[in-house]
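Undergrad: below are the sequence and a predicted model for it; my questions follow.
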Amino acid sequence: MGYLGLEEAERAITLGAYHQAFEIFMAMVESGEDPAFYKLCKMTLLGQLNDEERNFFVRRLFQDIEQGNGVAAFNAGVLYSRGIGFPLNLSKAVDMFNQAIANNVTEGYLALAKLYMLNREQIPLASTENIVSLLERGAKAGSVDCAFTLGKHYTQGDFLQRNIPEAFKFLYLAALQGHEEAKRSLMVIQALHPKDPFEQEQRAAKEMLYRIQNPYDHPDHGEDFIGR
């Protein structure tokens, strides 16, 4: 079904034909097209599925999780963290995001880091060290958003100690992968620090990008995951 099915389902949503969109996305799920899980999760969050449709989607989600589908686990994590479709359960959200990470869904790194940042009092593992570790590992696994998020927090010095060289390194990594806001942030840093070429940080970012693009050249590229 592919792109045409996705386009047709999006058009149905625009027209308010939610049941039609649901049927198209479920057909895409049946044919193994993972993006449909994201779309169905979004429809669940927006209240666009009726009870029967939502329950059917949830059952299928767990069926795929049991078969090791990381995208399904990621979406279950989102629903558990929001308390929509599932009862609110931060512990299960952590577990689902970790399953997503273990199955190479890089979005899981940022989602889990954000969950920790927003619920530091409720989640024992939500330490600054673990948050930074998740974002770093996500950036090294190819998550542009993780790289940008790290660069932003190192620049702001909010929950992390302000560190401009580290900020530059991760913003540069994000910029190399096309992140427009990262490019603008780099321009600001360079304007404020005109005498520092940040050559070492640029080399480090380029090396990380090389490892992302050529993972089999670096057997140590694989990462363990935390949060169990």
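TA: Alright, I've got the coordinates.
Undergrad: distance of residue 156 relative to residue 50?
TA: Here residue 156 is placed at a distance of 43 Å from residue 50 (CB to CB, to the nearest Å). C-beta: built from backbone N, CA, C; applies to glycine.
Undergrad: over to residue 207?
TA: 51 Å.
Undergrad: likewise for residue 76?
TA: Distance from residue 76 to residue 50, by CB to CB: 20 Å.
Undergrad: more crowded one of the two?
TA: Neighbour count, other CB atoms under 10 Å: between residue 76 and residue 50, residue 76 has more, with 27 against 12.
Undergrad: with adjacent residues omitted, what lies nearest to the more buried one?
TA: Counting by CB to CB, 6 or more residues apart in numbering, residue 76 lies nearest to residue 96, which is 4.5 Å off, once chain neighbours are set aside.
Undergrad: what about this structure, any weak spots by pLDDT?
TA: Along the chain, segments meeting pLDDT under 70 span 1-4, 34, 218-228.
Undergrad: report the central residue of it.
TA: Nearest residue to the geometric centre of the chain (CA atoms, centre = their mean): residue 107, 2.1 Å.
Undergrad: so that residue touches residue 77, yeah?
TA: No: using CB atoms under 8 Å, residue 107 makes no contact with residue 77, being 9.7 Å away.
Undergrad: who are the neighbours of the helix or strand containing residue 189, in terms of helices and strands?
TA: Per DSSP states H and E, residue 189 falls inside helix 180-192. If you count contacts as 3 or more CB pairs under 8 Å, 6 or more residues apart in numbering; DSSP states H and E, helix 180-192 packs onto helix 144-156, helix 164-176.
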